[in-house]
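>>> Whatever this is, show me its structure:
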Amino acid sequence: MSPIIPPPSEVVKLDLSSGSVHTVLVDGQPHVVLKPVVEQLGLSYPAQSRKLKSRSWAVVAQKATTGADGKTYEMDAVPVRTFLMLLATINENRVAESARPTLVAFQNETADAIEAYWTQGGAINDRASDEQLDALQQQIEERRIRRALGLVQLIAAMDDTVDPRWKKSRQLHHYAEATGEIASIAPEDRALLVESYLKDHDLSPAERRSVRSSFGRRIALAYEIEHGEKPKDSFGLVDGRERQVKSYTEADRPLFDKIWAEFYADRYPAQQQLGGAA
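Model prediction:
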């Protein structure tokens, strides 16, 4: 248990979707005052307080608070995280019947937020203030920047089997993401993937799956004949997943066009004009 934290703090009511809870600030962070909400549910406050103090996930602080009568009281206060975990452990059939709809509503709202966190990457409270939304946007932007810079470092650590041209272009791309700039990549150094080339020819997903293996092998062989070495590796999205693929750039597009015209143009005449114009 944290030590008593002076001075007294004002109790502020926080309205939720169903009912409300009393909160105070502890070290600048909102904490739920435990006794009022536990008694509102018709539960034994001493029993719930003891339970929390025996749980590894719970944090309980004593806070000197100013009540509605103007007097100062020392109350147990728990972080919102601890409070929500407590709600999840309460059996709705053991609370007062009058309080059951409130508990169920609290639990459902919490479950919805957790589900959105795991399946959608986050949850937005419909009652969030402009200040809260601005803070969330700032967090998202900071994480986006950290992710982009992390990718720059990850690509730099790749071994020599990965095409250095691809590494350079992807590092420039992700660094530009982090700085909000436009990546300056020479046209001939821009990545050209078998998958994107086939998309340029407007092949359906099923057609791309049917073609890309043989097309890829022919491109790799033609590249080796022309350059005297096998193409190096890189990474790209294939069927929505990041996979290791052979590395080519826009400088290799004439080679792609040659293989397409020789082996595939007759099979997909409707896509030929579109692909050639892309």
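>>> And the strands in the stretch 151-278 of the chain?
233-238, 241-246 (DSSP state E, counting those that start in this stretch).
>>> next one: the stretch 1-150 of the chain
Counting by DSSP E, counting those that start in this stretch, the strands of the stretch 1-150 of the chain are 2-10, 12-15, 20-26, 29-33, 61-66, 72-79.
>>> Return the member of those having the minimum mean pLDDT.
Here the lowest mean pLDDT among the strands of the stretch 1-150 of the chain goes to strand 2-10, at a mean of 47.
>>> Just give me the residue closest to the centre of this structure.
When C-alpha atoms, centre = their mean is applied to the chain, the residue found nearest the centroid is G121 (4.2 Å).
>>> And it, what's its pLDDT?
pLDDT recorded at G121 is 85.
>>> Same check on D189?
Note on D189: pLDDT of 74.
>>> list the contacts for it?
165, 168-169, 249-251 (C-beta atoms under 8 Å, 6 or more residues apart in numbering). (Each C-beta comes from the backbone N, C-alpha and C, glycine too.)
>>> go with 6 Å
Going by C-beta atoms under 6 Å, 6 or more residues apart in numbering, D189 touches 165, 169, 249.
>>> next one: S210
Neighbours of S210 in contact, by C-beta under 6 Å, 6+ apart: none.
>>> distance of it from R217?
Separation of S210 from R217 (C-beta to C-beta, to the nearest Å): 14 Å.
>>> And P231, by the same measure?
Distance of P231 to R217, computed by C-beta to C-beta: 11 Å.
>>> cool, and Q153?
Noted for Q153: a distance of 33 Å to R217, by C-beta to C-beta.
>>> For the two, work out which one has more neighbours and name it.
R217 (13 against 10; other C-beta atoms under 10 Å).
>>> I'd assumed A176 was in contact with I145.
No - the pair I145 / A176 is not scored as a contact, 11.5 Å apart, by C-beta atoms under 6 Å.
>>> hang on, the earlier thing: out of the contacts of D189, which are inside helices?
Residues of these located in helices (DSSP state H): 165, 169.
>>> so which of the contacts of D189 comes closest to D257?
T249 (14.1 Å; C-beta to C-beta).
>>> so how many other residues sit close to that closest one?
For T249, using other C-beta under 10 Å, the count is 19.
>>> For it, which residues are in contact?
T249 touches 165, 189, 192, counting by C-beta under 6 Å, 6+ apart.
>>> Was I right to think K63 contacts D76?
No - counting by C-beta under 6 Å, D76 is not a contact partner of K63; they are 7.9 Å apart.
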